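S.K.: Sequence first, predicted model second:
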Amino acid sequence: GDSVTQMEGPVTLSEEAFLTINCTYTATGYPSLFWYVQYPGEGLQLLLKATKADDKGSNKGFEATYRKETTSFHLEKGSVQVSDSAVYFCALRVDQGAQKLVFGQGTRLTINP
Amino acid sequence: EAGVAQSPRYKIIEKRQSVAFWCNPISGHATLYWYQQILGQGPKLLIQFQNNGVVDDSQLPKDRFSAERLKGVDSTLKIQPAKLEDSAVYLCASSLGTQDTQYFGPGTRLTVL
């Protein structure tokens, strides 16, 4: 079945460090890929998405590129801030049938000043 | 624009008791989702509605869980009777359609003792 595997957390970095959170997927068909973020005390929010191979999603300084050959969608940011501390979820949606989201287990990111 | 509303935010019950959660989606959103998020895991879809019809309930434990979306707007999710393993955050989300961005509510944290 469809599944998403994320980098094990938690991840702790210093402010202005470079961030990578790995995400790989297994899917039947051609999925759309997403990164959601959950800030402390808040609901899940869509951070960025990509709908086809080689697409790059970007938002708030974060980027992720849809790599079909490696079935990956790694999240990157060049210089993290304390306000980026949150839990990050990678997800896929196969655009057939019910088109439901399948999430990874989440990666908790803490940025220290 | 008002977001997805959920209530209650927290609930503590004894095992074998019943509990119900309520969700009010964003106005005009035809698709409504209920997810279960166990601590340390990503959200798992329980049921998806399109207007007041069920699109996918393949992962809903139907012997104890039920959900309805009367009039295609608000929705309730019920657990009867609850088990210890039902302790989780229950998330409601809505979207304009099945291919549109899902917007999540703050969730209801259920603790079963």
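M.R.: Happy to help now that I have it.
S.K.: residues contacting residue A:84?
M.R.: Taking CB atoms under 8 Å, 6 or more residues apart in numbering or on different chains as the criterion, residue A:84 is in contact with A:19, A:77, A:109, A:111. Every residue, glycine included, has its C-beta placed from N, CA and C.
S.K.: which SS state does the last one fall under?
M.R.: Three-state assignment for residue A:111 (DSSP: H, G, I helix; E, B strand; the rest coil): strand.
S.K.: So which residues on chain A come close to chain B?
M.R.: A:4, A:36, A:42-46, A:49, A:89, A:91, A:95, A:97-106 (CB under 8 Å from any CB of the partner chain).
S.K.: Out of the contacts of residue A:84, which end up buried?
M.R.: A:19, A:77, A:109, A:111 (16 or more other CB atoms under 10 Å in any protein chain shown).
S.K.: Chain B against chain A: which residues are in contact?
M.R.: Within reach of chain A by CB under 8 Å from any CB, chain B has these residues: B:3-4, B:33, B:40-45, B:48, B:55-56, B:91, B:93, B:98-99, B:101-107.
S.K.: Please list only the buried members of the residues you listed.
M.R.: Of these, these count as buried by 16+ other CB under 10 Å: B:4, B:33, B:42-45, B:48, B:55-56, B:91, B:93, B:98, B:102-107.
S.K.: Now, the residues you listed that are in helices?
M.R.: For these, not one is inside helices, with DSSP state H as the criterion.
S.K.: Among these, which are located in strands?
M.R.: Of the positions in those, B:33, B:44-45, B:48, B:55-56, B:91, B:93, B:103-104 sit in strands, assigned by DSSP state E.
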